[in-house]
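Enquirer: Show me how the following folds:
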Amino acid sequence: MADRRRSAQALSAAEWQALEHLLKVRSGACCEARVPGWCLADARTGSVERLPRWRVSIHHRRARGMGGTSRPDVNQPGNLLLLCGDGVSGCHGWATVGDVAEATRRGVVVPLGCADPAGVPVELWSGRVVLLGHTYQHVGWYVPA
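Expert: Below you'll find the model as predicted:
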């Protein structure tokens, strides 16, 4: 039988809900990638507010890998983006199965060997290049790269 012990980095449902709220604050409740042809968010505003819950996801820039990870920054804001879709649709699908090379170039995907995803700039949908810090105190805005 598989070992189902919770890792130190695993979050409870309440912690995930709080993290999602923080990412919505940071993004203005908008998809942070807005990839043309992939994005499911409101075409005019980029808002994900009217999408069903299953059409909005938290994307790990540096993937957790199969079964999770023991890295302490896996669920920190600098490693996360609020995206429309899931791992195979919407902007989240674009990042994981669509155009992974372009997603990596934009910093939406960070290679597994990267020491700290917060140090990798991300190009947002607007073309603005920013750093995403790990501190929750600064999750409400982006830091210019």
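
Enquirer: Next one: Leu80 relative to Gly37, how far apart?
Expert: Going from Leu80 to Gly37 by CB to CB, to the nearest Å gives 24 Å. C-betas here are computed from N, CA, C, even on glycine.

Enquirer: One more: Arg26?
Expert: Taken as CB to CB, the span from Arg26 to Gly37 is 25 Å.

Enquirer: What helix or strand is the residue sitting nearest the centre point of the chain located in?
Expert: In the chain, the C-alpha nearest the mean C-alpha coordinate belongs to Leu81, at 2.1 Å (CA atoms, centre = their mean). Secondary structure from DSSP states H and E places Leu81 in strand 80-84.

Enquirer: For that strand, name the packing helices and strands.
Expert: Counting by 3 or more CB pairs under 8 Å, 6 or more residues apart in numbering; DSSP states H and E, the packing neighbours recorded for strand 80-84 are helix 13-27, strand 56-60, helix 90-93.

Enquirer: re the thing from before, tell me which of Arg26 and Gly37 has more neighbours.
Expert: Higher neighbour count among Arg26 and Gly37: Arg26, with 22 against 6, using other CB atoms under 10 Å.

Enquirer: Right, I'll call it a day here.
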